[in-house]
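Participant: How does the following fold in three dimensions:
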Amino acid sequence: MWKVYKWNGHYILGDLISKHSSEAAALKKAKKEIGHSRTEREESKEEIIIWLDSEEGTPMGAVVKKKRKTNK
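Facilitator: Next up, the predicted model:
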């Protein structure tokens, strides 16, 4: 589940805007609601975060997806 968060003046992951099943839908909603101009993708073992920044590099929000744990 991809979740779109908007900066609320205090936290970058402040206000939950929406939830989506695909990355493309989440990025489309973020572009419409937040109006960012740059993105930076960051992956770890637990989650994927796409940071949404303005032209000057000011954080405006993020798109987050928690990864599933697999047993091998």
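Participant: Now do the strand or helix carrying residue 64: distance to the chain's middle.
Facilitator: Per DSSP states H and E, residue 64 falls inside strand 59-66. Counting by Cα atoms, centre = their mean, to the nearest Å, strand 59-66 is centred 2 Å from the centre of its parent chain.
Participant: Show me what it is in contact with.
Facilitator: Strand 59-66 has contacts (Cβ atoms under 8 Å, 6 or more residues apart in numbering) with 1-7, 12-13, 17, 23, 26-27, 30, 34-36, 46-54. All C-beta atoms are positioned from the backbone trio N, CA, C, and that covers glycine.
Participant: Now that we have those, which of them are buried?
Facilitator: Taking 16 or more other Cβ atoms under 10 Å as the criterion, what is buried in the contacts of strand 59-66 is 2-7, 17, 26-27, 30, 34, 36, 49-53.
Participant: Which ones among these lie within helices?
Facilitator: Judged by DSSP state H, helices contain the following of the buried ones among the contacts of strand 59-66: 26, 27, 30.
Participant: mind checking how far the last one is from residue 52?
Facilitator: As judged by Cβ to Cβ, to the nearest Å, residue 30 and residue 52 stand 6 Å apart.
Participant: Overlap of the contact sets of those two?
Facilitator: Common neighbours of residue 30 and residue 52 are listed as 36, 61, 63 (criterion: Cβ under 8 Å, 6+ apart).
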